[in-house]
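> take a look and give me a structure for this.
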Amino acid sequence: MKSFSQENNALLSLDDLIPGGSTYSKYTVKMPSQLQWWGDKPVYVKGDSIMIAPLTKKDKVQLLITKKILNIGLTTLGQKELSSIPEISFPYPDSTIICFNKKDEILLYDFADKKVLASLSVPSDAANIDFSIESRRLAYTKENNLFIVQPDGKELALSKDKNEGIVSGQAVHRNEFGITKGTFWSPKGNYLAFYRMDETMVTDYPLIDMSARVAKLNNIKYPMAGMKSHQVTIGVYNVQTGDTVFLKTGLPKEKYLTNIAWAPDEKSIYVAELNRGQDTCLMKRYNIRTGKQEAVLFEESHPKYVIPENPVMFLPDNPLQFIWLSKRDGYNHMYLYNVDGTVLKQLTSGNWEVLSIIGFDAKGENVYYISSHDSPIEQHIYRLDLKKGKTTKLSKDAGIHTALLSKSGRYICDSYSSQYNPGKVAITETGKNSTHVYFEATSPYRDKLLPEITLGSVKANDGQTDLYYRMVKPTNFDPTKKYPAIVYVYGGPFSQMVTNSWMGQVRGWDIHMANKGYLVFTLDNRGTLRRGFDFENATHRQLGIVETQDQMSGVNFLKSLSYVDENRIGVHGWSYGGFMTLNLMLRHPETFKVGVAGGPVTDWHYYEIMYGERYMDSPAENRDGYEETSMLNKAGNLQGRLLLIHGDEDPTVVMQHSSLFLKASIKAGKHPDFFIYPGHGHNMTGKDRVHLHEHITRYFDDFLK
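Predicted coordinates:
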């Protein structure tokens, strides 16, 4: 991709391109802030004002209210002034009530009547904050315990565990299975369901804080593959009685309780329960007053694994029916169920995936969703008539679309980008399927010289499967020259590095390296997202092997290009990409001259249970697989220059991985390089992130360029 203007040929720096850089914010795409629906009115924050976006082509942007006017009303009522517009929401579609989510307070304010309807203080040490608009109660955690604040401001402790190994109100199972939170308010706010996780039986893992004069030990709970796992239960707190009932989820205790959903009548809870082996999922319903299991609605199983990621979603006009997302036919699709567990029909089908459900219209006649129907590297918005089965595409332009549905379902706010479109926001009237674009972002690089970016595909070694790639050619590319090439790789589950989004989802470092004369190449191998379940699970029990084969298909494509110097090919990746960097360097040492592996997994024995056992099974079940995928066993294959980088307090891929690889390399007589980022976890942040990319760049400049 070339810049829109070549008048200024200054090249972008790492400070411009990397988060944490001093000028990074100057070069980010500016889109409307806090875009949301107020009933059927699209609103957003602009500076110190809340604006109403034009609903139709004939409408113009309107001012809803300013910070100054809000502050006049708030201070009159004895409230603190707003220094800026905080996180906001409009909980009631036809009212002038606005919710301010401030750092130290949740505030419900009627800006028309100038009344404060609720004001709840948030302690400075609170985390996992969850506000119920319906009951006007606030839940949060402090350290390992769960608290709520009543409407009168009184704080109540729902758990009082002194043992730090027992945690309530936080996400569990290491945030797998779509779990992002640990508290779940009921529809009317009369109950609070929450996770309680007992980790006392899990082995302590030592992280060392080297910044203290005497290094400090910080133990974390880190269950490795094959070891003892934590035990989770679900509590239900009744805000009227003050009682808590725990669901009787039974034995075995080592299992995964996922995708919690409330029934609309607040009488029961639905839980997708997985066995530790993750090959069987049971959808269960529990009575919240007794905690007893009411029914097992259905079972899903697969010889490799199942991975529920979305809770059941009830139809707004029919509390006896819900939609369930499943990959049972090989692709992620919607199924309509009765609450007795009877599947009524499969709502969508085909060799594409439903990526998310946006919502329903007010009558529940139509469901709106995002899918990969058009292309695996795009996502578009669709409407499905639940009775007629008719599907209508609502997004118009190519690219990656996200959507917000208005309260009535009459309108969709569509935010999207594509390779040459930095960002647009459109309003679609769903009934007429008419769309108008009301905001177009400008490229932050419009006055800069940019490299050419190409999206394409190559065939996998089966000769049939398309593998999508992104290639960033050197700036001021000359096809008669020979250039060094760097493969930037991730390649792990739940990833997609190549999409038809702004500049092909390119990374800032890729642009930086292209400016320095490198060609940068990225390919999504089998094992990644949005290509169907067979594509995803092709790596099961043999992580790194199929992925490496696919990456080499990409490398062979690079070698076929006249302008690529096949004697100067490097590879870099982080986390799973660090693992893949080692796979490529050690399985194909004749190909890669230089590699930089950041935070790499080097042996799956030392990775955590939930992720590791899903994709590799346990070490006892898959001894050969663990041996074959261990990079420790292949350290002796190293021929090129290799740099390992690790944060010394990494709680995700613990630094033991790099340490053991260094030990294996010493034993094999090999000499990789090693660099530590003190005090950092799995990723470097702030200014140190710029330093990280400077360090990686220097390594390639020293040994590849």
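> separation between residue 150 and residue 121?
12 Å (Cβ to Cβ, to the nearest Å). In this view, the C-beta of every residue, glycine as well, is placed from N, C-alpha and C.
> please apply the same query to residue 570.
In this structure, residue 570 lies at 53 Å from residue 121, with Cβ to Cβ as the measure.
> equivalent analysis for residue 551, please.
From residue 551 over to residue 121 the distance is 52 Å, taken as Cβ to Cβ.
> of the two, which one has the most company?
Using other Cβ atoms under 10 Å, the more surrounded residue of residue 551 and residue 121 is residue 551, with 28 against 14.
> show me what counts as buried in the one helix or strand the more buried one maps to.
Assigning secondary structure by DSSP states H and E places residue 551 in helix 545-559. Residues of helix 545-559 classed as buried: 545-555, 557-558 (neighbour count, 16 or more other Cβ atoms under 10 Å).
> just put those in TSV and tack on pLDDT and distance to residue 117.
Conversion of the buried residues of helix 545-559 to TSV gives the following (pLDDT from 0 to 100; distance: Cβ to Cβ, whole Å):
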residue	pLDDT	distance to residue 117
545	98	59
546	98	56
547	98	54
548	98	59
549	98	60
550	98	56
551	98	56
552	98	62
553	98	60
554	98	57
555	98	61
557	98	61
558	98	61
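> out of these, flag the one nearest to residue 70.
For the buried residues of helix 545-559, the closest approach to residue 70 (Cβ to Cβ) belongs to residue 547, at 52.4 Å.
> thought that closest one was touching residue 583?
Yes - between residue 547 and residue 583 there is a contact at 7.1 Å, judged by Cβ atoms under 8 Å.
> assign residue 74 to helix, strand or coil.
The three-state label for residue 74, taken from DSSP: H, G, I helix; E, B strand; the rest coil, comes out as helix.
> which residues are in contact with it?
For residue 74, the contact set (Cβ atoms under 8 Å, 6 or more residues apart in numbering) comprises 80-82, 109, 116.
> so among those residues, which ones count as buried?
Neighbour-count burial (16+ other Cβ under 10 Å) applied to those gives 82, 109.
> looking at the contacts of residue 74, spot the one nearest residue 462.
Comparing the contacts of residue 74 against residue 462 with Cβ to Cβ picks out residue 82 as the nearest, at 58.8 Å.
> what does that closest one show for phi and psi?
phi -90, psi 130 (degrees, to the nearest 10).
> so where's the stretch 301-450 of the chain uncertain?
When the per-residue scores of the stretch 301-450 of the chain are filtered using pLDDT under 70, no range remains.
> right, I mislabeled it, should have said the chain
Within the chain, the segments meeting pLDDT under 70 span 1-9.
> top helix in it by residue count?
With secondary structure taken from DSSP state H, the chain has its longest helix at helix 687-703.
> if you skip the residues just before and after it, what's nearest to residue 480?
The shortest distance from residue 480 to any residue that is not its chain neighbour, by Cβ to Cβ, 6 or more residues apart in numbering, is 7.6 Å, and that residue is residue 563.
> what is the burial count for that neighbour?
Neighbouring residues of residue 563 were enumerated by other Cβ under 10 Å; the total is 16.
> tell me the contacts of the residue nearest the centre of the chain?
Residue closest to the average C-alpha location in the chain (Cα atoms, centre = their mean): residue 494, at 8.4 Å. Applying Cβ under 8 Å, 6+ apart to residue 494 gives the contacts 528-529.
> check the secondary structure at residue 645 for me.
Counting by three-state DSSP, the three-state call for residue 645 is strand.
> hmm, it is touching residue 577, no?
No - counting by Cβ under 8 Å, residue 577 is not a contact partner of residue 645; they are 11.7 Å apart.
> shared neighbours of those two, which are they?
residue 598.
> my read is residue 664 is in a helix, agree?
Yes - checked against three-state DSSP, residue 664 lies within a helix.
> for it, give its distance to residue 631.
With distances taken as Cβ to Cβ, residue 664 is found 8 Å from residue 631.
> show me what contacts the closest residue to residue 303 other than its chain neighbours?
Of all residues beyond its chain neighbours, the one nearest residue 303 is residue 279 (6.8 Å), with distances taken as Cβ to Cβ, 6+ apart. Applying Cβ under 8 Å, 6+ apart to residue 279 gives the contacts 301-306.
> do you know how far residue 279 is from residue 307?
10 Å.
> could you do residue 76 as well?
When distance is defined by Cβ to Cβ, residue 76 is 53 Å away from residue 307.
> which one's more surrounded, those two?
Set side by side, residue 76 and residue 307 give different neighbour counts by other Cβ under 10 Å, the larger being at residue 307 (22 against 9).
> contacting residues around that one?
Applying Cβ under 8 Å, 6+ apart as the definition, the contact partners of residue 307 turn out to be 177, 278, 327, 614.
> neighbours of the first one, how many?
For residue 177, the tally of surrounding residues (other Cβ under 10 Å) stands at 21.
> that one and residue 260: what is the separation?
As for residue 177, its distance to residue 260 is 11 Å (criterion: Cβ to Cβ).
> looking at the buried residues of helix 545-559, which one is closest to residue 605?
When the buried residues of helix 545-559 are ranked by distance to residue 605 (Cβ to Cβ), residue 545 comes first, at 16.7 Å.
> and residue 584, helix, strand or coil?
Secondary structure of residue 584, reduced to three states by three-state DSSP: helix.
> helix, strand, or coil at the spatially closest residue to it that is not a sequence neighbour?
Distance criterion Cβ to Cβ, 6+ apart; nearest residue to residue 584, sequence neighbours excluded, is residue 571 at 4.9 Å. Three states are possible here, and by three-state DSSP the one that applies to residue 571 is strand.
> beta partners of residue 571?
Here residue 571 shows beta-bridge partners residue 487, residue 595, assigned using DSSP bridges.
> 828 is where my numbering starts, stick with that
Yep, numbering from 828; the last one is residue 1398 now.
> quick check, it in contact with residue 1316.
Yes - counting by Cβ under 8 Å, residue 1398 does reach residue 1316; the two are 6.2 Å apart.
> name the residues contacting each of these two.
Common neighbours of residue 1398 and residue 1316, counting by Cβ under 8 Å, 6+ apart, are 1407-1408, 1411.
> may I see the residues you listed organised as a markdown table, with distance to residue 994 added?
As requested, the shared contacts of residue 1398 and residue 1316 are exported to a markdown table (distance: Cβ to Cβ, whole Å):
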| residue | distance to residue 994 |
| --- | --- |
| 1407 | 33 |
| 1408 | 34 |
| 1411 | 39 |
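> related to what we said a few turns ago, and residue 1491 and residue 1458? Which one has more around it.
When neighbours are counted by other Cβ under 10 Å, residue 1491 and residue 1458 differ, and residue 1458 comes out ahead with 28 against 21.
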